[in-house]
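Engineer: I need the structure of the sequence given here:
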Amino acid sequence: MIIDTHAHLYYENLLTDIEGILERAFKSGVERIIVPAVDLKTSEIIMGLADKFEMIYAAVGFHPCDIKEKNIGDIKFLEDFIKHEKTVAIGEIGLDYFWDKSYNELQKDFFRAQVELAANSGLPIIIHTRDSIKDAIEILKLTNMANLSGQFHCFSGDEEDLEKVLAFKNFYISYCGNVTYKKFSAINVVEKTPAEKLLAETDSPFLTPEPFRGKNNEPSRVIYSIRKISEIKKMDFDILKERLFENTKTLFKKIN
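Structural biologist: Numbers count the residues shown, from 1 in each chain. Below is the predicted model:
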């Protein structure tokens, strides 16, 4: 069984074909999909999807690119969502310094508050770190890691960053479809990522793998990233696929 740990299926152009997307995913071997939110509105949409479709699970939270006009007090509204039986994580949360650096401190405040919510609830976190991984690592190092677990999604750090993340006992790493691109420059980092610390993801509808680049990504295409990672790591595809499944079940304990 394959679990896509990161697919944003709430976009309108995906919702209009949601049943087709899920059918294609199932036919490709994907039996569970985690859909992460970026704010309260998307959290509500995702909860509805999780209620309607057996294979969909939810992650709720505030994405760093979606908090500039938000009040940090709004985080309290996540508390109702995390009680749902199919909410498996707090996410997508983190830091993003790529688009706008004018509110970096607010991003850090939101990140810290949601990390604390996760630690108190026992749920793992799904972390976004674009041009910001070093700050995210430092914030986590100042947290009570004993009660924290999570996923560095679409990992873009260097070997030094990888080493620091691997030192966090209950944290995992995932790579997206960009591992299949000719100009992907972090093959050495993928090579050094232990299989027992890897998860599978698409980041749908973004980062579509070859040979579908230029089209919307969807969970059925996660197998192309897994196959490429198996080539990079010189691992049998089926063995890696099984390892990814076991890792995912270990981290996201509420998935059945």
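Engineer: need the contact list for the closest residue to residue 7 other than its chain neighbours.
Structural biologist: Leaving aside its sequence neighbours, residue 7 sits nearest to residue 204 (C-beta to C-beta, 6 or more residues apart in numbering; 4.0 Å). The C-beta positions use only the backbone N, C-alpha and C, and glycine is treated the same way. Applying C-beta atoms under 8 Å, 6 or more residues apart in numbering, we find residue 204 in contact with 4, 6, 7, 8, 9, 14, 216, 217, 218, 219, 221.
Engineer: check residue 128 too.
Structural biologist: Residue 128 is in contact with 63, 64, 91, 92, 93, 94, 95, 96, 153, 154, counting by C-beta under 8 Å, 6+ apart.
Engineer: now the contacts of residue 204: which count as buried?
Structural biologist: Buried members of the contacts of residue 204, scored by 16 or more other C-beta atoms under 10 Å, are 4, 6, 7, 8, 9, 14, 217, 218, 219, 221.
Engineer: surely the first one meets residue 200?
Structural biologist: Right, the one you point to is residue 4. Yes: using C-beta atoms under 8 Å, residue 4 makes contact with residue 200 at a distance of 6.3 Å.
Engineer: anything in contact with each of these two?
Structural biologist: residue 222.
Engineer: ranges for the helices of the stretch 1-150 of the chain?
Structural biologist: 12-15, 18-27, 40-52, 78-81, 104-121, 133-141 (DSSP state H, counting those that start in this stretch).
Engineer: average pLDDT across the third one?
Structural biologist: Averaged over helix 40-52, pLDDT sits at 97.
Engineer: that helix vs helix 18-27, what angle?
Structural biologist: 60 degrees (axes from the mean of the first three to the mean of the last three C-alpha atoms, to 10 degrees).
Engineer: picking up where we left off before, right, and out of the contacts of residue 128, which lies closest to residue 171?
Structural biologist: residue 153 (11.2 Å; C-beta to C-beta).
Engineer: what's the neighbour count on residue 222?
Structural biologist: When counting by other C-beta atoms under 10 Å, one arrives at 31 neighbours for residue 222.
Engineer: what's the answer for residue 239, then?
Structural biologist: There are 11 residues near residue 239, going by other C-beta under 10 Å.
Engineer: contact partners of whatever helix or strand it lives in?
Structural biologist: Element membership for residue 239, per DSSP states H and E: helix 237-251. For helix 237-251, contacts defined as C-beta under 8 Å, 6+ apart pick out 1-3, 5, 29, 124, 149-151, 170, 172, 195-200, 226-227, 229-230, 233, 255.
Engineer: buried residues, it. List them.
Structural biologist: Result for helix 237-251 [16+ other C-beta under 10 Å]: buried residues 240, 241, 243, 244, 245, 247, 248, 251.
Engineer: same check on stretch 82-97?
Structural biologist: 82, 84, 86-96.
Engineer: cool, and stretch 18-26?
Structural biologist: Counting neighbours by 16+ other C-beta under 10 Å, stretch 18-26 gives 21, 22, 25 as buried.
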